[in-house]
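In: Could you look at this predicted model? Sequence included:
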Amino acid sequence: MHGHGHGYAQRQPPPPPGGTQVTLRVMFVVLAVLTCGLLAWAPLLRLATVTRKAHDWVVLAVVTALDITGLVLIGVDPGEDEFQGPGNAGMIVLLCTLMAAVAYYLFAEIRHFGRHAAVTQPF
């Protein structure tokens with residue numbers, strides 16, 4: 001009989017990836033898509049605050065600047081019923097920014113939480 005007790009308790013595995021992260025991802029992507037890219041910066045703001053990486057803040061700033069550029073182009077469009085040159089360019093900027101922002105957001109956030117889960121996994 002040993003006087004040392006039962007020894008060290010085994011580390012508990014982290015909870016399985018919950019639906020909260022997936023729900024947040026879906027909500028932020030839907031928000032960006034439903035606004036036709038006007039709020040494409042919103043998922044990137046979440047990403048930058050979660051990862052706290054400088055390059056994610058830079059990506060957020062670039063996307064915000066592109067969204068503003070697209071809005072300005074649409075705003076100065078002289079067409080009354082349909083877009084002309086500047087309005088078309090503005091919509092292209094918004095839609096391309098939307099696609100790039102959503103793709104980067106999903107890639108970077110899944111990668112971030114995947115690495116975080118790998119670090120906390122016991123050997």
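Out: Cool, the structure landed. Since the model is a prediction, treat every value here as computed from it, not as a measurement.

In: When you work out contacts or count neighbours from here on, use the C-alpha atoms and nothing else.
Out: OK.

In: for Gln84, what are its contacts?
Out: Residues in contact with Gln84 (Cα atoms under 8 Å, 6 or more residues apart in numbering) are 77-78.

In: Listing request: residues of this protein with sub-threshold pLDDT.
Out: 1-18, 116-123 (pLDDT under 70).

In: rerun at 90
Out: Of all residues in the chain, those with pLDDT under 90 make up the ranges 1-22, 78-84, 112-123.

In: hey, which helix is longest across it?
Out: Looking across the chain with DSSP state H, the single longest helix is helix 85-120.

In: distance of the residue positioned nearest the centre of the chain from Pro78?
Out: Of all residues in the chain, the one closest to the mean position by Cα atoms, centre = their mean is Tyr105, 3.1 Å from it. Separation of Tyr105 from Pro78 (Cα to Cα, to the nearest Å) stands at 34 Å.

In: List the buried residues in the longest helix of the chain.
Out: 86-91, 93-95, 97-99, 101-102, 104-106, 108-109 (16 or more other Cα atoms under 10 Å).

In: how about Asp56, what does it touch?
Out: Taking Cα under 8 Å, 6+ apart, one finds 44, 47-48 in contact with Asp56.

In: my bad, Ile68
Out: Taking Cα under 8 Å, 6+ apart, we find Ile68 in contact with no residue.

In: would you put the C-alpha positions of the host helix or strand of it in CSV?
Out: Using DSSP states H and E, the element containing Ile68 is helix 54-75. Output in CSV follows, covering the C-alpha atoms of helix 54-75 (Å, rounded to 0.1, in the frame of the first residue of the first chain):
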residue,chain,number,x,y,z
ALA,A,54,-1.6,42.7,-36.9
HIS,A,55,-2.2,41.4,-40.4
ASP,A,56,-5.8,40.7,-39.6
TRP,A,57,-6.2,44.3,-38.5
VAL,A,58,-4.6,45.4,-41.8
VAL,A,59,-7.0,43.2,-43.8
LEU,A,60,-9.9,44.8,-41.9
ALA,A,61,-8.6,48.2,-42.8
VAL,A,62,-8.2,47.3,-46.5
VAL,A,63,-11.7,45.8,-46.7
THR,A,64,-13.2,48.8,-44.9
ALA,A,65,-11.4,51.2,-47.4
LEU,A,66,-12.7,49.1,-50.3
ASP,A,67,-16.2,49.1,-49.0
ILE,A,68,-16.1,52.9,-48.6
THR,A,69,-14.7,53.2,-52.2
GLY,A,70,-17.5,51.1,-53.5
LEU,A,71,-20.1,53.2,-51.7
VAL,A,72,-18.5,56.5,-53.0
LEU,A,73,-18.5,55.1,-56.6
ILE,A,74,-22.2,54.2,-56.3
GLY,A,75,-23.0,57.5,-54.7
